[in-house]
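Peer 1: Test case, fold it:
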Amino acid sequence: MTLRIKVLTLVFLVVFSGLIAKLFSWQILRGKELSVAARGQYESGRAVSAPRGNILTSDNSWLAARGDAWLVYASLPDLKDNPKTIANELAPYFVEDKNDKKGLLDEVDRITGLLSKKEVVWVPLRHKVSTDAKKSLEALVISGIGFQAEETRIYPEASVAAQLLGFVGKDKDGNDQGYFGLEGYYNLVLSGKPGFVGREKDAKGVPILFGDSTQVSAIGGVGLVTHIDKTMQLAVEQKLKNGIERYGASGGSAIVMDPTSGAILAMSSFPSYDPEKYSQFDTSLFKNPVVSSSFEPGSVFKIIIMASALDAGVVKPETRCDICSGPLKVDKYYIETWDGKYYPDSTMTDIIVHSDNIGMSFVGQKMGADKLYDYLNKFGIGKLTGIDLQGEATPPLRDKGTWNIVDLATATFGQGIAITPVQLIRAGAAIANGGRLVAPQVVGALQGEGWKEGIDPKIDGRIISEKAAKEITAMMVEAAKHGESQWTDTPGFKVAGKTGTAQIPIAGHYDPENTIASFIGFAPFDKPKFIMLVTLQQPKTSPWASETAAPLWYWIAKDLFMYFGIQPES
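Peer 2: Okay, the predicted model is just below:
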């Protein structure tokens, strides 16, 4: 008898210990998880998406705007037809191409699988369905199929400024998420804060009429008012596209900026994509080459080197080059001029006008590697500009103190050093505005319901003297009038400019046939209203910027002269 009592006592202790362990697991270790699961059995709810902010041009025209769309869902207990029949009716409205038989069959199989689920009562079938498609689906009168309002992104100007804007896709949880450009950079601002609607439900998943309900209102996203001028943007896009075709280039870009404030007035690149149908394009097109792609700038970089030397006082405009009579040997290499012509006793102005590599090497010798490095650092070379676009990248400068005589010489004419187009135009703007470095800025104000708040320009401060800026500007004026691109100059207009033809490094050497052609200039040179940089990738009609990028720059500039009311001197 005593043995039985002991056994029963032991059994009760084991069972009791097991219950205590199980309760500890349920309440302490898995309490939060099980609470959520239990709540899901008696509560139904859905997130309420917040309206996304619009992206506007400077005159409040839409670049990207909110649009109506619909979630098509199925209430499985209310379905009367079999899943396959319903799927065949829905599929044509869910595919891009109704004539794509394979795509249509795949969509039918996908919908059938969703409608055949046993463990749920409500299932989403397709997001972002258009209002026209919704009306057509409603006309089918399919029992159990319903609609819930959503939001989509529409682009009134189609693919205009696509790489500037970016696009709206989905994150890992299926929520709207901005990627690249403005959509990515300002995603939190544009997104707002989602809301929630919840109600208690019975065991069958039906909402209880007098049960508790929860509702949290969504807070709409903030709109962006950009500095982009719609008229200017459309003109730049069209001229750039035509120029790429005319010169047989594989791509190109153009940026127009206010050199005083850093406001980006227009920005375009090709090849591009349609942000409304981004999934149909190669992902390589999503990056904006203006801020993400680097290149060896070639001769346009000479204005930055010369401006630095003038500010440092190591040369003056009238200083003469005593090594410019022929090729220059540096270590085991020979530096030559781009056209094989040499100009003994050239002044610094002559060197910029002739785009003389030997003369620039002379300037580099006067500067020295460390001093040159310090000035490049001031100009922001090797550093992010801080432009408000997602995806900006920069190749760093080689460390100070590691430059040899070859590095110093080649850097003076834009080889062996890489920059992005946005870095180059920011550096050029510092010359145009009298010596101050400003940050490029796309968005000028944030705008909500009944309020608007401007964003101040970011001015980093003076990097060269006003005197040095005026001296290099005068040299650029001479280069525009009498340099290799003089035939493209528009007589009477006050343009300061410089061409650049950069060979592309391939497998350890430079390819003379494949180049990146560029032209940077501002006008009027005494009181600039704009600075513009044009680049062309691998133009086929001519490798020289004077015959491709320069005429394209002036072709666009003629529209800008008219738009800004810039009159010729005569």
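Peer 1: okay, now the spatially closest residue to Gly521 that is not a sequence neighbour: neighbour count?
Peer 2: Excluding its sequence neighbours, the residue lying closest to Gly521 (C-beta to C-beta, 6 or more residues apart in numbering) is Gly497, at 2.9 Å. For the C-beta atoms, the positions are set from N, CA and C on the backbone; glycine is no exception. Residues lying near Gly497 (other C-beta atoms under 10 Å) number 28.
Peer 1: mind checking pLDDT for Gly497?
Peer 2: Per-residue confidence (pLDDT) for Gly497: 95.
Peer 1: Restricting to C-alpha, output the strand or helix carrying it in CSV.
Peer 2: For Gly497, the host element (DSSP states H and E) is strand 496-506. C-alpha atoms of strand 496-506 as CSV (Å, rounded to 0.1, in the frame of the first residue of the first chain):
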residue,chain,number,x,y,z
ALA,A,496,32.5,80.8,-70.7
GLY,A,497,33.1,77.2,-71.5
LYS,A,498,35.5,74.3,-71.9
THR,A,499,35.5,71.0,-73.8
GLY,A,500,36.8,67.7,-72.6
THR,A,501,37.6,64.5,-74.6
ALA,A,502,38.4,61.7,-72.2
GLN,A,503,39.7,58.4,-73.5
ILE,A,504,38.2,55.4,-71.8
PRO,A,505,40.7,53.1,-69.9
ILE,A,506,40.4,49.5,-71.1
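Peer 1: Correct me if wrong: the residue nearest to Gly521 contacts Lys481.
Peer 2: No: counting by C-beta atoms under 8 Å, no contact exists between Gly497 and Lys481, whose distance comes to 9.4 Å.
Peer 1: so where do the strands sit in the stretch 151-300 of the chain?
Peer 2: Ranges of strands in the stretch 151-300 of the chain, per DSSP state E, counting those that start in this stretch, are 167-170, 176-179, 195-200, 213-216, 223-226, 251-257, 264-270.
Peer 1: Correct me if wrong: Thr535 contacts Ala502.
Peer 2: No: counting by C-beta under 8 Å, Thr535 does not reach Ala502; the two are 9.2 Å apart.
Peer 1: Check the secondary structure at Lys481 for me.
Peer 2: Secondary structure assignment for Lys481 (DSSP: H, G, I helix; E, B strand; the rest coil): helix.
Peer 1: got any ranges where the stretch 201-350 of the chain has weak pLDDT?
Peer 2: 201-218 (pLDDT under 70).
Peer 1: meant to ask about the chain, not that
Peer 2: Along the chain, the parts satisfying pLDDT under 70 run over 1-4, 6-12, 14-49, 194-218, 506-509, 512, 570.
Peer 1: Just want the most central residue of it.
Peer 2: Gly181 (3.1 Å; C-alpha atoms, centre = their mean).
Peer 1: so what's that residue up against?
Peer 2: For Gly181, the contacting residues are 163-167, 288, 389-391, by C-beta atoms under 8 Å, 6 or more residues apart in numbering.
Peer 1: Now do the nearest residue to Gly401 once chain neighbours are set aside: how many residues are near it, please.
Peer 2: Excluding the flanking residues, the one nearest Gly401 by C-beta to C-beta, 6+ apart is Asp370, at 7.0 Å. For Asp370, the neighbour count with other C-beta under 10 Å is 11.
Peer 1: ok so Asp370 is a strand residue?
Peer 2: No: assessed with three-state DSSP, Asp370 is helix; it does not lie in a strand.
Peer 1: That one and Thr402: what is the separation?
Peer 2: Applying C-beta to C-beta, to the nearest Å, the value for Asp370 to Thr402 is 11 Å.
Peer 1: Pop the domain breakdown of the chain in here.
Peer 2: If you go by automatic domain parsing, the domain ranges for the chain are 48-191+204-226, 230-275+287-564.
Peer 1: Thr535 and Ala502 - which one has more neighbours?
Peer 2: Thr535 (32 against 24).
Peer 1: can you give me the angle the strand or helix carrying the more buried one makes with strand 251-257?
Peer 2: According to DSSP H and E, Thr535 maps onto strand 530-537. Strand 530-537 and strand 251-257 are oriented at 170 degrees to each other (axes from the mean of the first three to the mean of the last three C-alpha atoms, to 10 degrees).
Peer 1: after strand 530-537, next one along is what?
Peer 2: Counting by DSSP H and E, what follows strand 530-537 is helix 549-564.
Peer 1: quick check: angle from the strand holding Gly497 to helix 549-564?
Peer 2: If you take the same axes, to 10 degrees, strand 496-506 sits at 140 degrees to helix 549-564.
Peer 1: So which elements touch strand 496-506?
Peer 2: Strand 496-506 sits against helix 466-482, strand 509-523, helix 549-564, with contacts defined as 3 or more C-beta pairs under 8 Å, 6 or more residues apart in numbering; DSSP states H and E.
Peer 1: Format these as TSV; extra columns: mean neighbour count.
Peer 2: Formatted as TSV, the helices and strands packed on strand 496-506 follow (neighbours: other C-beta atoms under 10 Å):
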stretch	mean neighbour count
helix 466-482	20
strand 509-523	21
helix 549-564	21
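Peer 1: what are the ranges of the helices in the stretch 1-150 of the chain?
Peer 2: 2-24, 31-42, 83-90, 101-115, 131-140 (DSSP state H, counting those that start in this stretch).
Peer 1: just to revisit the earlier point, mind checking the strands of the stretch 151-300 of the chain for the one nearest to Ile86?
Peer 2: Taking C-beta to C-beta, strand 167-170 is the member of the strands of the stretch 151-300 of the chain nearest to Ile86, at 25.1 Å.
Peer 1: Give me the distance between the closest residue to Trp555 other than its chain neighbours and Ile219.
Peer 2: Nearest residue to Trp555 in three dimensions, chain neighbours excluded: Lys239, at 5.7 Å (C-beta to C-beta, 6+ apart). Going from Lys239 to Ile219 by C-beta to C-beta gives 41 Å.
Peer 1: between the two, which one's more packed in?
Peer 2: Between Lys239 and Ile219, counted using other C-beta under 10 Å, Lys239 has the larger neighbour count: 21 against 14.
Peer 1: so what's that one up against?
Peer 2: Counted by C-beta under 8 Å, 6+ apart, Lys239 has contacts 254, 552, 555-556, 559.
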